[in-house]
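[1] got a sequence here, can you build the structure:
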Amino acid sequence: MRSIRFQFIAFIASLLLILLLLLNSYPLLTSRDAVFEEKRSSLSGQAAVVASSLSGLERLTQSGVAEILRILDISGYTRVVVTNGDGLVVYDDGGNAGVRTEIEDIGTALTGKTVFRSRFANTAFTSSIAMPLSSQGAVSGAVYLYEYDAERAEILTALQGRIRVLSLVIGALALLLAVFFAFVLMQRIRALVRSMHIVAEGDYKYRHVVRGRDEISELGQEFNQLTERLETTEEQRRRFVSDASHELKTPLASIRLLSDSIVQNENMDPATVREFVTDIGNEAQRLQRTTEKLLDLARLDDDVQVIPEPVDVKQTALDALVLLRPLAREKQVHLRCELEDGCVVMATGDDIFHIIFNLTENAVKYNVPEGSVLLKLQGGEDYVELAVEDTGIGIPEKDRLNVFSRFYRVDKARSREAGGSGLGLSIVHDAVLAHGGSITVGPNKPQGSRFIVRFPRPTSEETGI
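    Predicted coordinates:
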């Protein structure tokens, strides 16, 4: 399996190769084409001048042509050839006058066409042009100019060599930089991978050292945030397991102690036996309540998808109050309610019942004799609000942020006496959030606590009402 470093270097090397090929070809091709165009313009212009000057002669003769060419001063060309209409050479500075020309381009020019050729060899530019001579509207001959330019070719060849050397230097430096950056990049990636292995082995306190402000640094920051959440989740899990074990162990220990007392004491009177059995039943009920609440929390944690339905909060509240009135009478607490009609939310009936029941039950349990609990339900344009107010012992401000944590108790001794497990408010909190609501807690004047639950009011399309 190829490493990322190899792939990165291979990609950079391929890119460099393409760039160097372009650098070594495009400028040379452009320069060569520019020279070709300059040669075309120069030869065409010079040939046109010669043709125009020779067209004034009545008859093309070697002396007449030589005189005109001397006057025009067209020196600098390697070869100059002038022929008559029959293709016989009238003038040739190469010394072939008086014979039929063998230059193919001149034959083409005698048909009335101008022919230009230019090519670049390793040592020179060779350029030629054959242009017809016209006299009284007819082709009377042709002029042929040939140029061998080694100076331009030498300049272009030298430029090509310099570009090649420069390309090799640039390519080598760029490749070295690519290898260096690939090494640095891989070191940073390996460091991040090592951090992942450390956290994967269970060290959630470990944090990756982040340097720079690029994408890898951002990935490191996201990794640290994820590790921090994992650490928090692991701490919560361990605390939950510890607290749950403690909560389950306490009633089990009581049941075992009471049952052992009955078994070991053969002469225990029936009244004491009945008392012990009653205590065993109470501890069993406490164990059952704790188990049921743990199951509710597990369901909420698993984010089990439920289909929400329209729930009449007022009717659900009345059903919960029916079950809570005996407890209120036992605790000498007055239950009051102010419930508006038409308060419907999208949720499940069981969750809304548990929310109302747990909040009101806590308000009764942690109240004072002759105290009161007020359950208020009212609706706004886009919300439904449920408030539970009591005149009980209240919640200190420093504890309000933790009351929804699992197994958290404000007054642990009194909570155990009341049969609390520290799970009720956590269940309420998770159930409210699961249905898009919010819950807050604050003081109730002159004393006590006030819990406020808000749900979004559904539209008629959602409820179908």
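
[2] contacts, neighbours, all on C-alpha from now
    OK.

[3] how about the helices in this protein?
    Listed from the start of the chain, the chain has helices (DSSP state H) covering 4-54, 62-72, 104-109, 150-200, 215-264, 270-301, 313-331, 349-365, 412-417, 424-434, 460-463.

[4] now do the second one: which elements does it pack against?
    In other words, helix 62-72. Applying 3 or more CA pairs under 8 Å, 6 or more residues apart in numbering; DSSP states H and E, one finds that helix 62-72 contacts helix 4-54, strand 89-92.

[5] average pLDDT across the longest one?
    The reference is to helix 4-54. Within the predicted structure, the mean pLDDT of helix 4-54 is 82.

[6] now it and helix 150-200, what's the angle there?
    Angle between the axes of helix 4-54 and helix 150-200 is 160 degrees (criterion: axes from the mean of the first three to the mean of the last three CA atoms, to 10 degrees).

[7] give me the angle between helix 4-54 and helix 62-72.
    Compare the direction of helix 4-54 with that of helix 62-72 by the same axes, to 10 degrees and you get 120 degrees.

[8] please begin residue numbering at 22 from this point
    Yep, numbering from 22; the last one is helix 25-75 now.

[9] how far away from the center of its chain is helix 25-75?
    Helix 25-75 has its C-alpha centroid displaced from the chain centroid by 43 Å (CA atoms, centre = their mean, to the nearest Å).

[10] summarise which helices and strands that helix is packed against.
    Using 3+ CA pairs under 8 Å, 6+ apart as the contact criterion, the neighbours of helix 25-75 among helices and strands are helix 83-93, strand 136-141, strand 146-156, strand 159-170, helix 171-221.

[11] residue 40: which of these is closest?
    helix 171-221 (9.1 Å; CA to CA).

[12] by contact count, what packs against that closest one?
    Contacts of helix 171-221 with other secondary structure elements, assessed using 3+ CA pairs under 8 Å, 6+ apart, are made with helix 25-75, strand 146-156, helix 236-285.

[13] relative to the whole chain's centre, how far out is it?
    For helix 171-221, the separation from the chain centroid amounts to 28 Å (computed by CA atoms, centre = their mean).

[14] then stretch 87-106?
    Counting by CA atoms, centre = their mean, stretch 87-106 is centred 74 Å from the centre of its parent chain.

[15] still on that earlier bit, lowest average pLDDT across the helices of the chain?
    helix 433-438 - the lowest mean pLDDT of the helices of the chain, at a mean of 46.

[16] give me the pLDDT value at residue 440.
    48.

[17] for the helices of the chain, give me TSV that also has mean neighbour count and distance to residue 415.
    Listed next are these as TSV, based on neighbours: other CA atoms under 10 Å; distance: least, CA to CA, whole Å:
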stretch	mean neighbour count	distance to residue 415
helix 25-75	16	61
helix 83-93	14	118
helix 125-130	19	113
helix 171-221	15	42
helix 236-285	15	24
helix 291-322	15	23
helix 334-352	17	16
helix 370-386	21	9
helix 433-438	12	13
helix 445-455	21	14
helix 481-484	11	37
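
[18] turn those into TSV, including distance to residue 101.
    Putting the helices of the chain into TSV (distance: least, CA to CA, whole Å) gives the following:
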stretch	distance to residue 101
helix 25-75	10
helix 83-93	9
helix 125-130	12
helix 171-221	18
helix 236-285	70
helix 291-322	99
helix 334-352	111
helix 370-386	107
helix 433-438	118
helix 445-455	98
helix 481-484	97
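
[19] nearest to residue 417, out of these?
    Taking CA to CA as the criterion, residue 417 comes closest to helix 433-438 out of those, the separation being 13.6 Å.

[20] does residue 357 touch residue 395 like I think?
    Yes: using CA atoms under 8 Å, residue 357 is in contact with residue 395, at 4.8 Å.

[21] more crowded one of the two?
    When neighbours are counted by other CA atoms under 10 Å, residue 357 and residue 395 differ, and residue 395 comes out ahead with 18 against 13.

[22] now the closest residue to residue 382 other than its chain neighbours: how far from residue 366?
    Once flanking residues are discounted, residue 382 sits nearest to residue 345: 6.8 Å by CA to CA, 6 or more residues apart in numbering. Plainly put, residue 345 is 23 Å away from residue 366 if you go by CA to CA, to the nearest Å.

[23] picking up where we left off before, reformat the helices and strands packed on helix 25-75 as a markdown table; add distance to residue 382.
    Supplementary listing: the helices and strands packed on helix 25-75 in a markdown table, determined by distance: least, CA to CA, whole Å:
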| stretch | distance to residue 382 |
| --- | --- |
| helix 83-93 | 121 |
| strand 136-141 | 101 |
| strand 146-156 | 104 |
| strand 159-170 | 108 |
| helix 171-221 | 43 |
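
[24] nearest to residue 38, out of those?
    When those are compared (using CA to CA), the closest one is helix 171-221, at 7.9 Å.

[25] need the contact list for residue 416.
    Residue 416 makes contacts with 431, 463-464, 469-470, as judged by CA atoms under 8 Å, 6 or more residues apart in numbering.

[26] what is the nearest of the residues you listed to residue 59?
    For the contacts of residue 416, with residue 59 as the reference and CA to CA as the criterion, the closest is residue 463, at 91.4 Å.

[27] what bridges to that closest one?
    When bridges are called by DSSP bridges, residue 463 pairs up with residue 471.

[28] any idea how far it is from residue 82?
    Distance check for residue 463 against residue 82: by CA to CA, it reads 122 Å.

[29] burial check on residue 235, number of neighbours?
    Other residues within reach of residue 235 by the criterion other CA under 10 Å amount to 9.

[30] check the gap between it and residue 206 for me.
    Distance of residue 235 to residue 206, computed by CA to CA: 11 Å.

[31] end-to-end on stretch 111-125?
    16 Å.

[32] got it, and stretch 92-101?
    Length of stretch 92-101, first residue to last, CA to CA: 14 Å.

[33] quick check: buried residues in that stretch?
    Counting neighbours by 16 or more other CA atoms under 10 Å, one finds that the buried residues in stretch 92-101 are 100-101.
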